[in-house]
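> return a 3D structure for these sequence lines:
(4 chains)
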2 protein chains.
Amino acid sequence: MNKSEVFDESLQELALFAKAVSHPARLAILKFLAESKTCISGDISDYLPLSRTTVSQHLKELKELGIIHGTIDGLKINYCLCNANITKYLVMFETFFKPIKEASVDCSIDSKS
Amino acid sequence: MNKSEVFDESLQELALFAKAVSHPARLAILKFLAESKTCISGDISDYLPLSRTTVSQHLKELKELGIIHGTIDGLKINYCLCNANITKYLVMFETFFKPIKEASVDCSIDSKS
DNA sequence: TACTAATGTCGCAAACATACGACATTGTGT
DNA sequence: ACACAATGTCGTATGTTTGCGACATTAGTA
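Numbers count the residues shown, from 1 in each chain, chains lettered A, B, ... in the order given. Next comes the predicted model:
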């Protein structure tokens, strides 16, 4: 039923990035990783009000997009933000939204149709 | 089951924006509106490989976030991109991701765990 | 007033996302 | 080898998204 594949490759890729960052928990994870620059491991689970399992799954999604990366260090795993891919997606995002923003117009303040 | 509300307001709001633009069809709609600057109505449905119903729903989602706006013109409806809200969300996005990008590091090229 | 056109809303089905407990895996220390 | 700790994976319940046909609404038009 999902027709996503009929759209432009670039739209699909941007949509995947947007989807990855479309959950507060994943945004919180990114923020946490940015703040604890030492790439601290899964005390992320302690920090967030979610079970370890759930956090693990959110991490997996971010990993699969390539915007974070985990390095095994004994029993622990150090996660960090992955510059190359983050930059890639941010550039993609900006490139897409620049013309959108430029083409936008003043709407009545009370929008919503 | 959805625990989104336990997170920071600002994270939730950014997540809502990301969710709104996390589908290729909605990105395609935004792009179409940017290109046909005359705020053309629902030939959007003709342009996209989706049924009118489905397009209507995607439009509704974008409308509810306030990033597009529809003006009734007889039988037709002219949609346009709503500057104030688009700018608001883009600023929010950039503010969030700037420190993320700055804190990111070089990862092995073959990322994914 | 009836007909048609452009659009929105409802209700459903299939797919996907979220959250979590229970289990599996892997490394560390004894 | 054994127990424990940090993590990942599986199965499953529940909620949300996507897509669409059928119906409703509203505005022009004969």
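> low-confidence ranges in chain A?
Where chain A drops to pLDDT under 70, the residues are A:38, A:41, A:108-113.
> which element, helix or strand, includes residue A:80?
Secondary-structure element containing residue A:80, defined by DSSP states H and E: strand A:76-81.
> which positions within that strand qualify as buried?
When neighbours are counted by 16 or more other CB atoms under 10 Å in any protein chain shown, the buried residues of strand A:76-81 are found to be A:79-81. The C-beta positions use only the backbone N, C-alpha and C, and glycine is treated the same way.
> before we move on, what about stretch A:85-96?
Using 16+ other CB under 10 Å as the burial criterion, the residues of stretch A:85-96 that qualify are A:85-86, A:89-90, A:93, A:96.
> enumerate every residue touching the residue nearest to the spatial centre of chain A.
Nearest to the geometric centre of chain A sits residue A:21, at 3.3 Å (CA atoms, centre = their mean). If a contact means CB atoms under 8 Å, 6 or more residues apart in numbering or on different chains, then residue A:21 has A:27, A:30, B:14-15, B:18 as its contacts.
> need these in TSV (columns: secondary structure, distance to DNA strand D and neighbour count).
Written out in TSV, the entries for the contacts of residue A:21 read as follows (DSSP: H, G, I helix; E, B strand; the rest coil; distance: CB to the nearest atom of the strand, whole Å; neighbours: other CB atoms under 10 Å in any protein chain shown):
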residue	secondary structure	distance to DNA strand D	neighbour count
A:27	helix	15	24
A:30	helix	16	24
B:14	helix	15	21
B:15	helix	10	22
B:18	helix	11	23
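> could you export those residues as a markdown table, including distance to DNA strand C?
Shown next, in a markdown table, are the contacts of residue A:21 (distance: CB to the nearest atom of the strand, whole Å):
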| residue | distance to DNA strand C |
| --- | --- |
| A:27 | 11 |
| A:30 | 14 |
| B:14 | 13 |
| B:15 | 8 |
| B:18 | 10 |
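> remind me what the strand holding residue A:80 packs against, helices and strands.
Contact partners of strand A:76-81 among helices and strands, from 3 or more CB pairs under 8 Å, 6 or more residues apart in numbering or on different chains; DSSP states H and E: helix A:24-35, strand A:68-73, helix B:83-103.
> okay, these in a markdown table with distance to residue B:62 next?
Formatted as a markdown table, the entries for the helices and strands packed on strand A:76-81 read as follows, by distance: least, CB to CB, whole Å:
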| stretch | distance to residue B:62 |
| --- | --- |
| helix A:24-35 | 20 |
| strand A:68-73 | 29 |
| helix B:83-103 | 10 |
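> out of these, which is closest to residue B:59?
helix B:83-103 (14.8 Å; CB to CB).
> roughly how far does the residue nearest to residue A:102 when sequence neighbours are not counted sit from residue A:103?
Of all residues beyond its chain neighbours, the one nearest residue A:102 is residue B:34 (7.6 Å), with distances taken as CB to CB, 6 or more residues apart in numbering or on different chains. Taking CB to CB, to the nearest Å as the measure, residue B:34 falls 4 Å from residue A:103.
> quickly list what's touching both of the two.
Overlap between the neighbourhoods of residue B:34 and residue A:103 consists of residue B:81, taking contacts as CB under 8 Å, 6+ apart.
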